[in-house]
Every structure is written in C-alpha cells, then in structure tokens.
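Novice: next comes the sequence, and after it the predicted model I'd like to discuss.
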Amino acid sequence: MKIMQESLYYQAHIERSLCWFVIAALKSFEHVCFDRTLDPEESLFEFYVSPDTKDIFLEVMDYFQKQGLVSNLRQLPNRITVLGEDV
C-alpha cells in the first residue's frame, strides 16, 4: 500500500480503560491517521499519519498526553517501509 508506506509512523501507549475514547476522538478528525493495536497487553498502538495532517495529529496527541491518556508517543521509522510488511 503506497499510502501507508509514505505515512509518518508513531507508536504510543494509551490508558487501557480509555482506549475507546482516544481512538474515537482521533477518528472524529477525518483522515488524520490510521491506527491499530500493536500489543493489546501493553496497550501499545501504532499510528500512520499523513505528512499533511502531522500538525493536527501531534496537537491532539499532546492534549491527550497532558490529560494522562497517552504516554510514550514517539515517531519511529515506518515499519512497513523498513520491514516490507503488509497491513
């Protein structure tokens, strides 16, 4: 998927009891990111973000971090590009 390969890649832990809220809020911002659970036991999520929507994504995630809902947000190399994985 070319779009996923060109996306910026982030990982973050989301407060387990409020994962539903954080993901629903992100989905309310149309086309900002694609998310999926990477490790359910650790409540670790990954986010594929269009370079065009990076500022919006980071603003929302910064708010969630200040509220204690998101932690350890970090940008990493896009694992689809690096590992050649399929989504």
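Specialist: Yep, it's here.

Novice: mind listing residues that contact stretch 32-48?
Specialist: 4, 7-16, 19, 23, 26, 49-50, 53, 56-57, 60, 78-80 (Cβ atoms under 8 Å, 6 or more residues apart in numbering). For every residue, glycine as well, the C-beta is placed using N, CA and C.

Novice: and it, C-alpha only, in CSV?
Specialist: Output in CSV follows, covering the C-alpha atoms of stretch 32-48 (Å, rounded to 0.1, in the frame of the first residue of the first chain):
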residue,chain,number,x,y,z
VAL,A,32,-5.8,12.4,10.2
CYS,A,33,-4.4,8.9,10.9
PHE,A,34,-4.9,5.2,10.6
ASP,A,35,-4.5,3.4,13.9
ARG,A,36,-4.3,-0.2,15.1
THR,A,37,-3.3,-2.0,18.2
LEU,A,38,0.2,-3.3,18.1
ASP,A,39,0.3,-5.0,21.5
PRO,A,40,-3.0,-5.4,23.4
GLU,A,41,-1.4,-6.5,26.7
GLU,A,42,0.8,-3.4,26.8
SER,A,43,-2.0,-1.1,25.3
LEU,A,44,0.5,-0.1,22.6
PHE,A,45,-0.9,1.4,19.5
GLU,A,46,0.6,2.4,16.2
PHE,A,47,-0.4,5.3,14.0
TYR,A,48,0.2,6.0,10.4
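
Novice: tell me which residues in that stretch are buried?
Specialist: 32-35, 43, 45-48 (16 or more other Cβ atoms under 10 Å).

Novice: what's the mean pLDDT across stretch 61-78?
Specialist: When pLDDT is averaged over stretch 61-78, the result is 96.

Novice: what of stretch 18-28?
Specialist: Average pLDDT, stretch 18-28: 93.

Novice: what about it, distance to the chain center?
Specialist: 11 Å (Cα atoms, centre = their mean, to the nearest Å).

Novice: can you check stretch 60-74 too?
Specialist: Chain-centre distance of stretch 60-74: 11 Å, with Cα atoms, centre = their mean.

Novice: that stretch: end-to-end distance?
Specialist: Start-to-end span of stretch 60-74 (Cα to Cα, to the nearest Å) is 14 Å.

Novice: thanks again, I'm all set now.
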